[in-house]
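> Need coordinates for the below:
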Amino acid sequence: MTIRTHHLDPEVRRALQSAGAAAKRGLGDPVLAELVMIRASQLNACAFCLDMHVDIAVEKNGESAKRIALLDAWREAGDLYSERERAALALTEAITLLTADSVPDDVFEVVSEHFTEPQLAHLIGVITVINSWNRLMVARRIEPGGPAW
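Numbers count the residues shown, from 1 in each chain. Predicted structure coming up:
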């Protein structure tokens, strides 16, 4: 039996929305924020979040279809992504796919070359919040374009 629950407590929703907005504001790079959220959503197989963040990246931030399409293969995409973006994507994968080794030191070393301490804190916030949204949407079986709450 498949259980579908579309209910999301309004306090939880507001808290996640507030945390996400603060993290994105502090990061100060809306294109990078969307790339990170799309990559985490790919890893978590969250169709709802992928649908929403691809639309935001393209329509609101002018991201190219090519960069969105190749995001899953960013390591092999040559210079399509900047060093800063690649560092953020590596951190996104390390945090999203936590293992017994946690987040590798070499990932932190590379990302700290491209982000200040406050920016890194906000980047980690963006990654953490999208992972929470992914888990909420997948667990609740919310389909692309469906009601989120």
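> which regions of the chain sit below the pLDDT cut-off?
1-7, 147-149 (pLDDT under 70).
> For it, which residue occupies the most central location?
Against the mean C-alpha coordinate of the chain, by C-alpha atoms, centre = their mean, the closest residue is Met37 at 1.9 Å.
> So what touches the host helix or strand of that residue?
Element membership for Met37, per DSSP states H and E: helix 30-43. Residues from elsewhere that reach helix 30-43 (C-beta atoms under 8 Å, 6 or more residues apart in numbering): 23-24, 27, 49-50, 53-54, 56-57, 60-63, 67-68, 71-72, 74, 81, 84-85, 88-89, 92-93, 96-97, 123, 126-127, 130-131, 134. Backbone N, C-alpha and C define where each C-beta goes, glycine included.
> Select only the buried ones of those in ChimeraX?
Selection of buried members from the contacts of helix 30-43 for ChimeraX, criterion 16 or more other C-beta atoms under 10 Å:
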select :23,24,27,49,50,53,54,56,57,63,67,68,71,74,81,84,85,88,89,92,93,96,123,126,127,130,131,134
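> out of the contacts of helix 30-43, which are inside helices?
In helices, defined here by DSSP state H, the members of those are 23-24, 27, 49-50, 53-54, 67-68, 84-85, 88-89, 92-93, 96, 123, 126-127, 130-131, 134.
> Which other helices and strands does the helix or strand harbouring Met137 contact?
Under the criterion of DSSP H and E, Met137 resides in helix 117-139. Other elements packing on helix 117-139 under the criterion 3 or more C-beta pairs under 8 Å, 6 or more residues apart in numbering; DSSP states H and E are helix 10-27, helix 30-43, helix 47-55, helix 83-96, helix 105-112.
> With Glu143 as the reference, name the closest of those helices.
Proximity to Glu143 (C-beta to C-beta) singles out helix 47-55 among the helices and strands packed on helix 117-139, at 6.4 Å.
> Put the alpha carbons of the closest one into PDB.
The C-alpha coordinates for helix 47-55 follow below in PDB (Å, rounded to 0.1, in the frame of the first residue of the first chain):
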ATOM      1  CA  ALA A  47      11.300  15.200  -9.100                       C
ATOM      2  CA  PHE A  48       9.300  18.000  -7.400                       C
ATOM      3  CA  CYS A  49      12.400  20.000  -6.400                       C
ATOM      4  CA  LEU A  50      14.100  19.300  -9.700                       C
ATOM      5  CA  ASP A  51      11.100  20.700 -11.600                       C
ATOM      6  CA  MET A  52      10.900  23.800  -9.400                       C
ATOM      7  CA  HIS A  53      14.600  24.600  -9.300                       C
ATOM      8  CA  VAL A  54      15.300  24.000 -13.000                       C
ATOM      9  CA  ASP A  55      12.500  26.400 -13.800                       C
END
